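**Q** Provided below for reference: sequence and predicted model.
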Amino acid sequence: MAKDKRSKAPAPPPSSATPSTNKATPPSWPPFKPSLPVVELALEPVVPDKVVVLRSFFPRSLCRDYVSFLRDLPLATTPGKPKRGEAMRVNDRFQIDDASFAHRLWTETGLKEAVTGKDVAHLWGGEVVGLNANIRIYRYRAGQFFDAHYDDSNNVTVKTETGAQLPARTTWTLLLYLTSSADGCIGGETVFYPFDRRSPKDEVAVSLETGMLLLHKHGHDCMLHEGREVTAGEKWVIRTDLCIRR
Ligand SMILES: O=C(O)CCC(=O)C(=O)O
Ligand SMILES: [Fe+2]
């Protein structure tokens, strides 16, 4: 795919669109129990400087609690026909602006400490200040997928401990997998194409692992990537983004 015809991830719907979007009251997300992190979090490189994973970010029991909670949210199936220049995405999705949940994911999970360590702080493109309040929940059932695309970097504001709103910019995508083959989900790998073409010989396919967090660089040097089709069971994902001060 030519860079000038980059297929983008579909833009979030406007904030006034439906009750399941930005202005809605945030859900009462389950508590992080047992308290996190459950293991010492260590970033493992998958593609140097572009893709890293953190295993056991959520323990399996917490993933199960989340999936049963998320099931009752008003998920909306993506219409089949994408807008011009947008990637085809077929999944069920819920999206909300929830700065307080983003802040919990940042400060109550060990994530902040894991990504601000001296040995990895250079990866993010600036001073990391938190997570994007725009929280997206995806459910992919058999036959559903997210076609190859690039993720954009966006200007956002991040709420700090003191309640201040910091001007920030998203630089990496975060995907937290809540299910995997261990839960009966077959397929659904997140696949990266380092050379910007969908060539099986170059692909880097990350298999789902329950509770694993994947981070990948986005914006101008985002790799072409896709969420491969799920062929059985359900793939559940929580998506947000890492933000740097702007
Ligand atoms: O579900 C996946 O594996 C990929 C999701 C994705 O690419 C996105 O949210 O932009
Ligand atoms: Fe993406």
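**A** On my side now, so go ahead. Fair warning: this is a prediction, and the values are worked out from it, not measured in the lab. Ligands and ions are numbered 1, 2, ... in the order given.

**Q** closest point of this structure to ligand 1, which residue?
**A** Ranked by CB to the nearest ligand atom, the top residue of the chain for proximity to ligand 1 is residue 227, at 2.9 Å. Backbone N, C-alpha and C define where each C-beta goes, glycine included.

**Q** Would you enumerate the residues in contact with the nearest residue to that residue once chain neighbours are set aside?
**A** Nearest residue to residue 227, sequence neighbours excluded (CB to CB, 6 or more residues apart in numbering): residue 146, at 3.5 Å. Listed by CB atoms under 8 Å, 6 or more residues apart in numbering, the contact partners of residue 146 are 9, 87, 88, 89, 90, 91, 138, 140, 226, 227.

**Q** Check residue 186 too.
**A** So residue 186 contacts 230, 231, 232, 233 (CB under 8 Å, 6+ apart).

**Q** can you check residue 199 too?
**A** Residues near residue 199 by CB under 8 Å, 6+ apart: residue 193.

**Q** per-residue confidence at it?
**A** Per-residue confidence for residue 199 comes out at a pLDDT of 93.

**Q** List the contacts of the worst-scoring helix or strand of the chain on mean pLDDT.
**A** In the chain, no helix or strand scores lower on mean pLDDT, DSSP states H and E than strand 89-90, which sits at a mean of 83. Contacts to strand 89-90, defined as CB under 8 Å, 6+ apart, come from residues 9, 10, 77, 78, 80, 82, 140, 143, 144, 145, 146, 147.

**Q** ok so, going back, now tabulate the contacts of residue 146 in TSV and tack on neighbour count.
**A** As requested, the contacts of residue 146 are exported to TSV (neighbours: other CB atoms under 10 Å):
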residue	neighbour count
9	21
87	20
88	16
89	21
90	19
91	21
138	24
140	26
226	22
227	26
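
**Q** quick revisit: partners of the least confident helix or strand of the chain, with directions?
**A** strand 145-149 (antiparallel) (DSSP bridges).

**Q** Which SSE is immediately downstream of the strand it pairs with?
**A** Per DSSP states H and E, the first helix or strand lying C-terminal to strand 145-149 is strand 155-159.

**Q** Check which residues of that next one are buried.
**A** Across strand 155-159, burial judged by 16 or more other CB atoms under 10 Å covers 156, 157, 158, 159.

**Q** Spatially nearest residue to residue 226 (excluding sequence neighbours)?
**A** The spatial neighbour of residue 226 that comes closest, neighbours along the chain excluded (CB to CB, 6+ apart), is residue 148 at 4.3 Å.

**Q** same question, residue 126
**A** residue 244 is the one closest to residue 126 (CB to CB, 6+ apart), at 3.4 Å.

**Q** That neighbour pairs with what?
**A** residue 128, residue 169.

**Q** Which residues are in contact with the residue in the chain that ligand 2 sits nearest to?
**A** Closest contact between the chain and ligand 2, by CB to the ion, is at residue 151 (4.2 Å). Residue 151 sits next to 8, 9, 173, 216, 218, 219, 222, 225 when contact means CB under 8 Å, 6+ apart.

**Q** On the pLDDT front, check it for me.
**A** pLDDT, read off for residue 151, is 97.

**Q** where's the residue lying closest to it once chain neighbours are set aside relative to residue 127, distance?
**A** For residue 151, ignoring the flanking residues on the chain, the nearest one in space by CB to CB, 6+ apart is residue 218 at 3.8 Å. Between residue 218 and residue 127 the computed distance is 17 Å (CB to CB, to the nearest Å).

**Q** Which of the two has more residues huddled nearby?
**A** residue 218 (22 against 13; other CB atoms under 10 Å).

**Q** I'd say that one and residue 175 touch.
**A** No: contact criterion CB atoms under 8 Å: residue 218 and residue 175 do not qualify, at 11.2 Å.
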